[in-house]
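Participant: missing the sequence, but the structure's below:
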Ligand code: IPM
Ligand code: MG
């Protein structure tokens, strides 16, 4: 089969890890007789430097017209000036909004041989297999008003946490549907003791729960969920939550997997194109050194095959190869090893 994939390497280590995921995809294409047409575009700081905009209309249109988008990372100290009119992160948020990718799937699994790479006690980590579903196009990131103004009492900054019932419903429904292929447990995380938007969230989640009697629903407040994620993560299955809560909880959850460099993500829209990116950032401190862990991006490419291109067997092939490489001791620096970005990908390719 033929697929059009837009590649957005981005900034920092983005281009290094994306190049390795593309190599893995090329091997998959040869093995299973597919053709992947890659078109590369700029997004983030590199796009500001070149076009004066973190995401141009043309690039967004190219992404919308492709089957899926694979992204590295955006941002870096060069573009961090708080008074700048555009920032790399704005491009990423505009891309998510422009593609309508409301559901960000962030699976967190602990590979048995990496239990020692995590600072948590080994007995806490056994059997951890969590799917965090982060709402991605609403909530505190996008709510209006969002602004700065001068007032009599001083300068004021405003962000708004808002949700419409349909936004909550579609993400919670997805959580229930995905839970059916897993341990059939949904944990809905909110702050319903304080926030009105959370009380709406909990009400809708409860309604959707009644429509899925075969799946267990629990609610938890986000502060307590943050604690539970460290003290009893093996108990969690599917976790569904607001945009910013999900941002914070998934960085925390990455500690379970030993390194942030391990974790992939898939961002899905209602019908159209999906966006795939590792959950780590651009890591400017190690950019250009060729030592970044490419596994998060390689596993994101696997999720792309599964969710956007419907190539389940091929996705499983990549996931098994990563698993085998790790089992056989392949480690980049973040995992306490010595392999370069390219060597780590070579190890994965060996097991494809
Ligand atoms: C993430 C990142 C982004 C986010 C940043 C880079 C805007 O932290 O994907 O988790 O906050 O969503
Ligand atoms: Mg984040």
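Facilitator: Perfect, thanks for sending it. Since the model is a prediction, treat every value here as computed from it, not as a measurement. Ligands and ions are numbered 1, 2, ... in the order given.
Participant: Leaving out sequence neighbours, find the closest residue to residue 195.
Facilitator: The shortest distance from residue 195 to any residue other than its chain neighbours is 6.4 Å, reached at residue 161 (Cβ to Cβ, 6 or more residues apart in numbering). C-betas here are computed from N, CA, C, even on glycine.
Participant: what's the burial count for that neighbour?
Facilitator: Using other Cβ atoms under 10 Å, the number of residues around residue 161 comes to 19.
Participant: Does it touch residue 139 like I think?
Facilitator: Yes: with contacts counted by Cβ atoms under 8 Å, residue 161 reaches residue 139, the gap being 5.9 Å.
Participant: can you list residues touching both of the two?
Facilitator: Residues within reach of residue 161 and of residue 139 at once, by Cβ atoms under 8 Å, 6 or more residues apart in numbering, are 197, 242, 244.
Participant: Cross those against strands and list the overlap.
Facilitator: Residues from those lying in strands, with DSSP state E as the criterion: none.
Participant: Any chance of those residues in JSON lines with neighbour count as columns?
Facilitator: Below are those laid out as JSON lines (neighbours: other Cβ atoms under 10 Å):
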{"residue": "197", "neighbour count": "21"}
{"residue": "242", "neighbour count": "29"}
{"residue": "244", "neighbour count": "16"}
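Participant: Only the buried residues of stretch 207-215, if you could.
Facilitator: Counting neighbours by 16 or more other Cβ atoms under 10 Å, one finds that the buried residues in stretch 207-215 are 208-209, 212, 215.
Participant: Pick the one among those residues closest to ligand 1.
Facilitator: Among these, residue 208 lies closest to ligand 1 (Cβ to the nearest ligand atom), at 24.4 Å.
Participant: tell me which element the closest one falls in.
Facilitator: Secondary structure from DSSP states H and E places residue 208 in helix 196-210.
Participant: which other residues reach that helix?
Facilitator: Contacts of helix 196-210 (Cβ under 8 Å, 6+ apart): 139, 161-163, 165, 168-169, 172-173, 176, 186, 188, 190-192, 215, 217, 219, 240, 242.
Participant: let's see 7 Å
Facilitator: 161-163, 165, 168-169, 172-173, 176, 188, 190-192, 217, 219, 242 (Cβ atoms under 7 Å, 6 or more residues apart in numbering).
Participant: just to revisit the earlier point, for residue 80, state which of the shared contacts of residue 161 and residue 139 is nearest.
Facilitator: residue 244 (20.0 Å; Cβ to Cβ).
Participant: wait, what's in contact with that closest one?
Facilitator: 139-141.
Participant: which one of the residues you listed has the most neighbours?
Facilitator: residue 139 (25 neighbours).
Participant: Return the distance of that residue relative to residue 101.
Facilitator: 14 Å (Cβ to Cβ, to the nearest Å).
Participant: what do you get for residue 243?
Facilitator: Residue 243 is 12 Å from residue 101, by Cβ to Cβ.
Participant: For the two, list the residues in contact with both.
Facilitator: With Cβ under 7 Å, 6+ apart as the test, residue 243 and residue 101 both reach residue 136.
Participant: quick one, helices of the protein?
Facilitator: 14-32, 45-51, 57-64, 88-99, 122-125, 165-179, 196-210, 222-231, 243-254, 295-307, 312-327, 341-350 (DSSP state H).
Participant: Can you give me the buried ones in stretch 75-90?
Facilitator: Buried residues in stretch 75-90 (16+ other Cβ under 10 Å): 75-76, 79, 86-90.
Participant: could I get these as a markdown table with pLDDT and distance to ligand 1?
Facilitator: Converted to a markdown table, those look like this (pLDDT from 0 to 100; distance: Cβ to the nearest ligand atom, whole Å):
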| residue | pLDDT | distance to ligand 1 |
| --- | --- | --- |
| 75 | 97 | 6 |
| 76 | 97 | 11 |
| 79 | 97 | 12 |
| 86 | 97 | 13 |
| 87 | 96 | 9 |
| 88 | 97 | 8 |
| 89 | 96 | 4 |
| 90 | 96 | 9 |
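Participant: The closest residue to residue 95 other than its chain neighbours: how many residues sit nearby?
Facilitator: Of all residues not flanking residue 95 in the chain, residue 55 sits nearest, at 5.6 Å (Cβ to Cβ, 6+ apart). Neighbours of residue 55 under the rule other Cβ under 10 Å: 26.
Participant: Am I right that residue 332 is in contact with residue 291?
Facilitator: Yes: assessed by Cβ atoms under 7 Å, residue 332 is found in contact with residue 291 at 6.4 Å.
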